[in-house]
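1. got a predicted model here, sequence first, then my questions.
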Amino acid sequence: MRILVLYATVEGHTRKIAETLADEFEASYMDVILTNVSDPGYCDPGTFDAAVLCAPIHISRYPSGFVKYIQSWKSSLQEVPTVLVTVSLAIASDEADERKEAEGYPKDLTDKTGWYPDQYYHAAGALKYLEYDFFKRWMMRRISDSEGGPVDTSKDHELTDWPALRAFASEFANKIKSGE
């Protein structure tokens, strides 16, 4: 079984999530192609047994290159089992309105592109305080504080539930192998 794990990343955390998914698929004895959507010469998802597309949300949007990939390969994506993994901080918020907004991002993408994945997975992202400039660090700390998140700017904070992500990958791999 061959699976494509394609990702877009802004600060690198979505790449880490995609790598974790790829590791789990390989542990399930699947051949995995892991690639960044910004790398030239993307793979045709229709040549795989399944495809997992991962992208972050920044300023309420998916990266434009990710959206363009989906628009270009929509018909191939519809031919194989697919998952859309959306990475956002809002999904980990204590505020129900924030989580509800985050849960709506995939619908906005499918409405825009016409691609309807078979499954969706929401992964919490990371606060990369050590990588932010002064203004972004200050702003992200304020937002995180208002939503009950981590505010210690002396270190980065990964909010991803890694065991849940691995369990999801294992379940998806089993589903693909069984032909469901």
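-> Right, received. Where do you want to start?
2. where do the strands sit along this protein?
-> 2-7, 31-36, 50-56, 82-88, 119-124, 126-127, 157-158 (DSSP state E).
3. could you measure residue 103 against residue 93, distance?
-> Here residue 103 is placed at a distance of 11 Å from residue 93 (C-beta to C-beta, to the nearest Å). Yep, even glycine has a C-beta here, placed from its N, CA and C like the rest.
4. more neighbours, the two?
-> Under the criterion of other C-beta atoms under 10 Å, the comparison of residue 103 against residue 93 puts residue 93 first, with 22 against 15.
5. could you chop the protein up by domain?
-> 2-125+160-178, 127-159 (automatic domain parsing).
6. what's the end-to-end length of the last one?
-> In terms of C-alpha to C-alpha, to the nearest Å, the two terminal residues of domain 127-159 are separated by 8 Å.
7. buried set for it?
-> 127-129, 132, 137, 140-141, 143-144, 149-150, 153, 156-157, 159 (16 or more other C-beta atoms under 10 Å).
8. ok, of those, which one's closest to residue 60?
-> Closest approach to residue 60 among the buried residues of domain 127-159 (C-beta to C-beta): residue 143, at 13.1 Å.
9. for stretch 74-93, measure first residue to last.
-> Across stretch 74-93, the terminal residues are separated by 31 Å (C-alpha to C-alpha).
10. for that stretch, buried residues please.
-> Under the neighbour-count criterion of 16+ other C-beta under 10 Å, stretch 74-93 has 76-77, 80-93 buried.
11. do I have it right that residue 48 meets residue 25?
-> No - at 11.1 Å, residue 48 and residue 25 do not qualify as touching, with contact defined as C-beta atoms under 8 Å.
12. any shared contact partners between those two?
-> Here residue 48 and residue 25 share the contacting residues residue 3, scored by C-beta atoms under 8 Å, 6 or more residues apart in numbering.
13. got a list of what residue 19 touches?
-> With contact taken as C-beta under 8 Å, 6+ apart, residue 19 is in contact with residue 34.
14. any regions of this structure where pLDDT drops low?
-> Counting by pLDDT under 70, the chain has low-confidence residues at 40-42, 180.
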